[in-house]
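Undergrad: Here's a sequence, model it:
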Amino acid sequence: QVQLVESGGGLVQAGGSLRLACAASGRNMYPMGWFRQAPGKERDFVAAINWSGSSTYYADSVKGRFTISRDNAKNTVYLQMNSLKPEDTAVYYCASSPLISATTDFKKYDYWGQGTQVTVSS
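TA: Sure thing, here's the model as predicted:
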């Protein structure tokens with residue numbers, strides 16, 4: 001059974017930083033992604049990383065501010081979020097994909113964490 005547990009969310013002022021972590025068990029060395037969902041909105045792609053960490057993908061809205069990385073020895077994926085904006089406020093979810101390549105399509109991920117709240121105040 002694959003389990004994903006996110007941590008690191010919280011309340012931060014605009015311009016601040018947070019680092020999210022996603023600890024995985026039951027599956028390692030597979031593509032991982034971060035998605036977010038604001039109240040009343042659909043779940044949006046944020047970032048994805050392939051199994052080795054050599055390829056990363058970002059939504060245009062976070063490019064240059066967010067960095068996805070992974071530590072396969074710890075079976076953990078991270079999302080470093082800098083220069084946070086109020087519009088980044090959302091519940092952030094990590095997800096695991098059974099595919100070979102990382103993908104931005106949430107339908108291609110089969111396991112999801114419970115989510116962690118990120119709130120950015122203006």
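Undergrad: The residue nearest the centre of the chain sits in which helix or strand?
TA: Taking Cα atoms, centre = their mean, the centroid of the chain lies closest to residue 34, which sits 2.4 Å from it. Element membership for residue 34 (DSSP states H and E) is strand 32-37.
Undergrad: That strand pairs with which strands, and in what direction?
TA: strand 44-49 (antiparallel), strand 90-96 (antiparallel) (DSSP bridges).
Undergrad: Ok, which of those comes nearest residue 103?
TA: Residue 103 lies closest to strand 44-49 among these, at 6.4 Å (Cβ to Cβ). Quick note: C-beta positions are derived from backbone N, CA and C, even for glycine.
Undergrad: right, and residue 20 touches residue 91 too?
TA: No - in this structure, residue 20 is not within contact of residue 91 by Cβ atoms under 8 Å, at 11.1 Å.
Undergrad: Those two: which is more packed in?
TA: Each of residue 20 and residue 91 has its neighbours counted (other Cβ atoms under 10 Å); residue 20 has more, 24 against 18.
Undergrad: wait, what's in contact with the closest residue in space to residue 80 that isn't next to it in sequence?
TA: Spatial nearest neighbour of residue 80, chain neighbours left out: residue 67 (4.4 Å); criterion: Cβ to Cβ, 6 or more residues apart in numbering. By Cβ atoms under 8 Å, 6 or more residues apart in numbering, the contact set of residue 67 is 47, 56, 79, 80, 82.
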